[in-house]
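Chemist: My questions are about this predicted structure, shown below with the sequence.
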Amino acid sequence: MVANWKMNPDRQTDAVALALAVADGVVGIDAEVVLCPPTIWLLAVAAAVGPRIGIGAQTVNPAPRGAFTGETSATMLEGLAAYVIVGHSERRGAGETDGLVARQAVSVRAHGMVPIVAVGETADERTAGHTLAVVFRQLGTVLDVLAADHGPLVVAYEPVWAIGSGTPATGADAQAVAAALRGELRSHARGLADDSRILYGGSVTAANAHEFFGQLDIDGALVGGASLEAETFIALARAAG
Ligand code: PGA
């Protein structure tokens, strides 16, 4: 269960309080829980809850260091985060390309963290029947550049039209894409399909989560809006467990 807080909350005290409430609430729940706070709150959140729950970053710059104003490298995140989201549609929409996302995944892996590779089609791509072509291209670009022994990935299927819209995919549609993504992982390396986890993301709430968690190829969720309220996110983690 991955919480993507995006650019929330505003204050460090609120970020730490939310993280502590989640950490206390998920004790005894049989689900791995990962919080992805804004970069500026990573250190405080990690100090407050680590290693009780996992910490993830929301993005990374793949360059080792240098003149990249405002950016954060994988070297800087190493030791602080176990996961890094790469390719979120909000960042692809701001100009990140498949190639950049692939380089991000490589740098995350090289620093011992696990990339959470976000893939998903827009509404127009879906209408045109291109969903699988789009997600295969997005995942394939990453798989092509990772070393053969790169270890398991997390792949998050997040239809762009479902993110923050209140209109999630149906469980059956999400399962169909998740199964296809697992097939892609299997054709790359058999062990990769078994060891990697596939999440669904896009308007997941406590009310609809069971639709997704009941699906064979959906191992969890990447949650935005519903991760900002501790009780709701704990209920989601409980449902996942
Ligand atoms: P949402 O966001 O749960 O608010 O739809 C999910 C995401 O963008 O990861």
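Modeler: Noted; the coordinates are in hand.

Chemist: how about the residues of this protein that lie near the ligand?
Modeler: Proximity of the chain to the ligand, by CB under 6 Å from any ligand atom, involves residues 4, 158, 163-164, 201-204, 222-226. From N, CA and C alone the C-beta is placed, and that goes for glycine too.

Chemist: Does Thr141 touch Ala102 like I think?
Modeler: Yes. Between Thr141 and Ala102 there is a contact under CB atoms under 8 Å: 4.8 Å.

Chemist: re earlier: now the residues of the chain next to the ligand as TSV including neighbour count and secondary structure?
Modeler: Putting the residues of the chain next to the ligand into TSV (neighbours: other CB atoms under 10 Å; DSSP: H, G, I helix; E, B strand; the rest coil) gives the following:
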residue	neighbour count	secondary structure
Asn4	26	strand
Glu158	29	coil
Ile163	21	coil
Gly164	14	coil
Gly201	28	strand
Gly202	26	coil
Ser203	21	coil
Val204	29	coil
Leu222	27	strand
Val223	28	strand
Gly224	23	coil
Gly225	17	helix
Ala226	19	helix
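
Chemist: Can you name the residues that contact Thr75?
Modeler: Listed by CB atoms under 8 Å, 6 or more residues apart in numbering, the contact set of Thr75 reads Pro64, Arg65, His111.

Chemist: do Ile85 as well
Modeler: Val2, Asn4, Cys36, Gly56, Ala57, Gln58, Thr59, Pro115, Ile116, Ala118, Ala156, Leu222.
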